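Colleague: turn this into a model:
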Amino acid sequence: MPENVKLDFDVDALQRKYREERDRRLRSDGSDQYIKIEGKFAHYLEDPYSDRIERDPVQEELDVVVLGGGFGGLLTGARLREAGVTDVRVVEKGGDFGGTWYWNRYPGAACDVESYNYMPLLEETGYMPIEKYGRADELLEHSRRIGRHFGLYDKALFQTEITEARWYEDKARWLVNTDRGDKLWTRFLVTASGPLQEPKLPGIPGVESFAGHSFHTSRWDYNYTGGNALGALDKLADKSVAIIGTGATAVQCVPHLAEGAKKLYVFQRTPSSIYYRNDRPTDENWVRTLTPGWQKRRMLNYTSIMSGIREAEDQVDDGWTKTIYSVMSTAPKGATPTQLGQLMQAADYTYMEEVRHRIDNVVRNKETAEALKPWYNRMCKRPCFHDHYLEAFNRPNVQLIDTAGKGVERINAHSIVFDGEEHQVDCIVFATGFVLGAYVNGAVFPVYGRDGLAQTEYWKDGAKTLHGIHVHGFPNYFILSTTQSAWGPNFPHMMGEQAIQIAYVIAEAKRRGLASVEASAVAESAWVEHHESMAGPAIKAWMECTPSFWNEEGRATRKMVLNGMYGGGVLGLTKIFEEWRADGQLKGLKTRSLSEVEAGEMASA
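Modeller: Numbering: from 1, shown residues only. You can find the predicted model right below:
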């Protein structure tokens, strides 16, 4: 620690504690400890929110197919429309737009990034959020608002999944097949399925033998629990319920389960850090002070602070920005990166000490309080912000089962076992999260590029892209994801920049009469090398963290680096995009003109 930083606790002892807690959670199977939701568990993925609507298959030629109706797909559709590309179909497996906010309707569901940053296209759609933090119903309705505003409903295919996409070089088109029998011949294919869209289950011995009721939080069963996203789970009054998982989702729904259930068991492997939320209604006086461009400026302010850049003010002023802004605004000018890093670490220790002290002040049972304390740097797991989660453990019907990092021992037909003790339950709620990154194993559906090359085969040793968007051998194919791209707490910021970039390339290809664009092998190789050099240090730091989905449960591999985030951050990648577009040369992209395709068609005829 810097000499001028005085801490009122033993840093060496704290570091030892962090390492001990991390090491006790390491497992040789890493992310393989989770199982795919299929077979007996397939019903977990059924849509409880929309009745299936039958329709005839669609067969057509069009300009763009966008996979995904969440914020990524909506932003892409919006920016394409603004760029003059209107022949766009969004294909979405849910019954409406919304993505994450279509599926996640569990009680208490809300975003922990402030709504004025997180909810995209506020100025464009003329909407102002109700409160500082958006709740699930408001976020779902805003998704619909974007769809209506940009005319994306007209050609949307809901309740539809793409089963295969195959590139036809002679036609310079993708043939996209769906589970509804659709055959879409599209010039451009954009996948924007989101980083957290495939739910996962823990591979607990006996998990398939449970005879009671169970569901994943992403498909909340209100028919069983009663109530709605605001709570009032009145059908649980005579039920013993277990929730497995204590991440961001559990933090939000546990208070409602605690209020509704006769008995609630909370099974914890690693506690989350819980800071103050302090939600509040939107200030109308503040709204009247806003001038055009306010949301972009606010997003830049937030992302800059979260990136460790000195800003004149903290416009957001919440649990995300507080610590970093305080350090950067008081750090000596001319401080070296090493010195800034030391100051940040000291502030992190202090923040986490405050988190742990809060638990002591709130939770009355001292043993439970100790078990709820997180021992890691705050960004090792997604920080949580809630004003009622800790209080739930003061209720007589709530019992924390802390597994000390080991996880549940096994599941029987009517019980959950840990440390030899059996807990009888009527229902299990799996708050076990999602697979991070839809492209970790290649693609979210079979994608075949030039000469039938499968993306899964091309990426078997790790992702290969240009800018995280283009893939060599896969013309007119665009990926909007976290793979080899930057991201931070506010996902929509980077999604928005990716959408602008993708829309620009597609619009330029049409304007310039190009049949196809794709990453050249040289440009792709250079980007992968650059990405690996930038991502490596960040991944190395994360490997010192307690295991979580952010670091592949503590199992570091080169593939994890290649599939991971870009180390230059959102602002670094945005600058690359902006300079690339300003150059106007489509550098790194191989192009083929429409005239070449037409000539080939005439020759073959």
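Colleague: per-residue pLDDT of the nearest residue to Leu121 once chain neighbours are set aside, please?
Modeller: Nearest residue to Leu121 in three dimensions, chain neighbours excluded: Ile146, at 5.6 Å (CB to CB, 6 or more residues apart in numbering). Backbone N, C-alpha and C define where each C-beta goes, glycine included. We have a pLDDT of 98 for Ile146.
Colleague: ramachandran coordinates for Ile411?
Modeller: Main-chain torsions, Ile411, degrees, to the nearest 10: phi -120, psi 130.
Colleague: next, count neighbours for it.
Modeller: A total of 23 residues lie near Ile411 under the criterion other CB atoms under 10 Å.
Colleague: pretty sure Ile411 is touching Val207, no?
Modeller: Yes: between Ile411 and Val207 there is a contact under CB atoms under 8 Å: 5.0 Å.
Colleague: which helix or strand contains the closest residue to Trp580 other than its chain neighbours?
Modeller: Nearest non-adjacent residue to Trp580, counting by CB to CB, 6+ apart: Lys587, 6.5 Å away. Element membership for Lys587 (DSSP states H and E) is empty, with no helix or strand holding it.
Colleague: what strands line up against the host helix or strand of Val429, and which way round?
Modeller: Taking DSSP H and E as the definition, one finds Val429 inside strand 427-430. Note on strand 427-430: by DSSP bridges, its sheet partners are strand 213-216 (parallel), strand 240-244 (parallel).
Colleague: could I get those in a markdown table, plus columns for mean pLDDT, mean neighbour count and distance to Ala509?
Modeller: Putting the strands paired with strand 427-430 into a markdown table (pLDDT from 0 to 100; neighbours: other CB atoms under 10 Å; distance: least, CB to CB, whole Å) gives the following:
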| stretch | mean pLDDT | mean neighbour count | distance to Ala509 |
| --- | --- | --- | --- |
| strand 213-216 | 95 | 21 | 40 |
| strand 240-244 | 98 | 25 | 48 |
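Colleague: for those strands, which one sits closest to Leu157?
Modeller: strand 213-216 (24.8 Å; CB to CB).
Colleague: after that closest one comes which helix or strand?
Modeller: Next along the chain after strand 213-216, taking DSSP H and E as the criterion, comes helix 222-225.
Colleague: buried sites along that following helix?
Modeller: By neighbour count with 16 or more other CB atoms under 10 Å, helix 222-225 contains the buried residues Tyr222, Tyr224, Thr225.
Colleague: find the nearest non-adjacent residue to the last one, please.
Modeller: The reference is to Thr225. Spatial nearest neighbour of Thr225, excluding adjacent residues (CB to CB, 6+ apart): Leu233 at 4.4 Å.
Colleague: and the pLDDT at the one you found?
Modeller: At Leu233, the model reports a pLDDT of 97.
Colleague: list the contacts of it.
Modeller: Residues in contact with Leu233, defined by CB atoms under 8 Å, 6 or more residues apart in numbering, are Pro107, Thr225, Gly226, Gly227, His256, Leu257, Glu259, Gly260, Ala261.
Colleague: which of those residues are buried, as a PyMOL select command?
Modeller: To isolate the buried members of these in PyMOL, using 16+ other CB under 10 Å:
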select buried, resi 107+225+227+256+257+259+260+261
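Colleague: from the contacts of Leu233, pick the one nearest Arg24.
Modeller: For these, the residue nearest Arg24 by CB to CB is Leu257; the value is 27.4 Å.
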